[in-house]
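**Student:** Dropping a prediction and its sequence here:
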Amino acid sequence: MTPATARRAFQPPPAPATSSPHNPGSLLSIQDLTLDALSHLLGRAKALVEQDPLERTRTLAKRRVALLFYESSTRTRTSFELAAKALGCDTTLVSNLSSSIEKGESLKDTGLTIRALGAETIILRHNASGAPWLLEQYTHLPVLNAGDGMHEHPTQALLDLRTILAHLRNGATSVSADTLKGVTVSITGDILHSRVARSNLLLLPQLGAEVILCGPKELLPEIAAATAPGVRVERDFEAALKQSQVVMMLRIQAERIAGLQLDLDEYKRGYQLTGDRLRTLAPDAIVLHPGPIIRGLELTAGVADGPQSRILEQVSNGVAIRMAVVERALTAAQHNGGRA
């Protein structure tokens, strides 16, 4: 009997026969996704969560996924890894603290090495904006942007959207240009440095939401309002809260503001989300935070653990969304000759 050809030959996947470096499975920016593609990902996230776990592990059985992380991460790294494993993938973590990156190896050489070892997709977090585009160009593999510098964090915006839809639109998975019409989302904190804010600014107005950016001028330049239609700046935190159905708080990092003339005690007086402010000004709003939380700075412990907080639900939704994104990365070429 002639042995069957092994499906999983141990060799690098061939580069796609196209002049474009863009792999159809990559997710580099939230702008890569059309409304139809958003609906598909939301629908697949729901279906995968509801699927029998043993059956789900056969979805991408023994496919190889590499996580390449140049920055520390708890939520993003762990949820991507759990998502890939839930689909049956083999995963490996390459960290800048425990690899040849520490010896000065370039992103290009690290990526080509990972490809040569047989990885079929790379999930990249990098401190330089634009790094995922370079990695995709070098390797021709599907690259998933897990956060690049101060630029974007597309899967965070997707999981935020899933959380918002669960509470304000009865868990809808099909979205259109008016799905979030009448919804106001306030984003408060260090917007200048926030890739989470940037991806949400590019996503939520597409669905009809109004976005209010709130913070002191040191952390929120006026030009941010020009990011997309439906985005505006409000310096008065309490005025922003009164208008919000979704209150998203961002972390303030001491290392980020070291060179800025910003007094943290004054910041807390003006922009900290307290229980009294939330109950009085936005009693029906849900509270989101991408994490990690600095309790007692951008919000109080009572708010973080309170009945309006959906922070841990966001974390859970991260696994669902990232299962759908990993599945898309490893199957898109079978269904689509170009980007979604």
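**Tutor:** Alright, I've got the coordinates.
**Student:** What segments of this structure are strands?
**Tutor:** 64-69, 90-95, 121-126, 143-148, 184-188, 210-214, 231-234, 246-249, 286-288 (DSSP state E).
**Student:** Sort out which residues of the last one are buried, please.
**Tutor:** Neighbour-count burial for strand 286-288 flags 286-288 (criterion: 16 or more other CB atoms under 10 Å). For every residue, glycine as well, the C-beta is placed using N, CA and C.
**Student:** Distance to residue 57 and pLDDT added to these, as CSV?
**Tutor:** Output for the buried residues of strand 286-288, formatted as CSV (distance: CB to CB, whole Å; pLDDT from 0 to 100):
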residue, distance to residue 57, pLDDT
286, 33, 98
287, 34, 98
288, 30, 98
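**Student:** Give me the contacts around stretch 262-274.
**Tutor:** With CB atoms under 8 Å, 6 or more residues apart in numbering as the test, stretch 262-274 has contacts from 188-189, 214-216, 218-219, 237, 241, 247, 249, 252, 254, 257, 287, 297-300, 302-303.
**Student:** Looking at the strands of the chain, which is nearest to residue 331?
**Tutor:** Minimum separation from residue 331 across the strands of the chain (CB to CB) falls at strand 121-126, 10.5 Å.
**Student:** Chain neighbours aside, what residue packs nearest to residue 178?
**Tutor:** Of all residues not flanking residue 178 in the chain, residue 208 sits nearest, at 4.5 Å (CB to CB, 6 or more residues apart in numbering).
**Student:** any idea how far that neighbour is from residue 182?
**Tutor:** Separation of residue 208 from residue 182 (CB to CB, to the nearest Å): 8 Å.
**Student:** So if I had to pick from these two, which one is more boxed in?
**Tutor:** residue 208 (16 against 10; other CB atoms under 10 Å).
**Student:** Double-check that one against residue 184; I have them as touching.
**Tutor:** No. Counting by CB atoms under 8 Å, residue 208 stays clear of residue 184, with 10.8 Å between them.
**Student:** Any stretches of the chain with poor pLDDT?
**Tutor:** Scanning the chain for pLDDT under 70 picks out 1-21, 98, 253-258, 335-340.
**Student:** try 90
**Tutor:** 1-22, 71-73, 95-105, 227-228, 252-264, 332-340 (pLDDT under 90).
**Student:** Off-centre distance for the lengthiest helix in it?
**Tutor:** Among the elements of the chain assigned as helix by DSSP state H, the one spanning the most residues is helix 311-335. How far helix 311-335 lies from its chain's middle: 10 Å, per CA atoms, centre = their mean, to the nearest Å.
**Student:** please renumber so the chain begins at 25
**Tutor:** Happy to do that; since the first residue is 25 now, the last one works out to helix 335-359.
**Student:** so who does residue 348 touch?
**Tutor:** Residues near residue 348 by CB under 8 Å, 6+ apart: 65-66, 68-69, 72.
**Student:** which of those has the most neighbours?
**Tutor:** When neighbours are taken as other CB under 10 Å, the top entry among the contacts of residue 348 is residue 65 (26 neighbours).
**Student:** Let me know the distance separating that one from residue 79.
**Tutor:** Taking CB to CB, one finds residue 65 at 20 Å from residue 79.
**Student:** Residue 299 now?
**Tutor:** As for residue 299, its distance to residue 79 is 44 Å (criterion: CB to CB).
**Student:** Pick out whichever of those two has more residues nearby.
**Tutor:** Neighbours were counted for residue 299 and for residue 79 using other CB under 10 Å; residue 299 has more, 14 against 9.
**Student:** what about the closest residue to the more buried one other than its chain neighbours, neighbour count?
**Tutor:** Spatial nearest neighbour of residue 299, chain neighbours left out: residue 326 (4.5 Å); criterion: CB to CB, 6+ apart. Using other CB under 10 Å, residue 326 is surrounded by 14 other residues.
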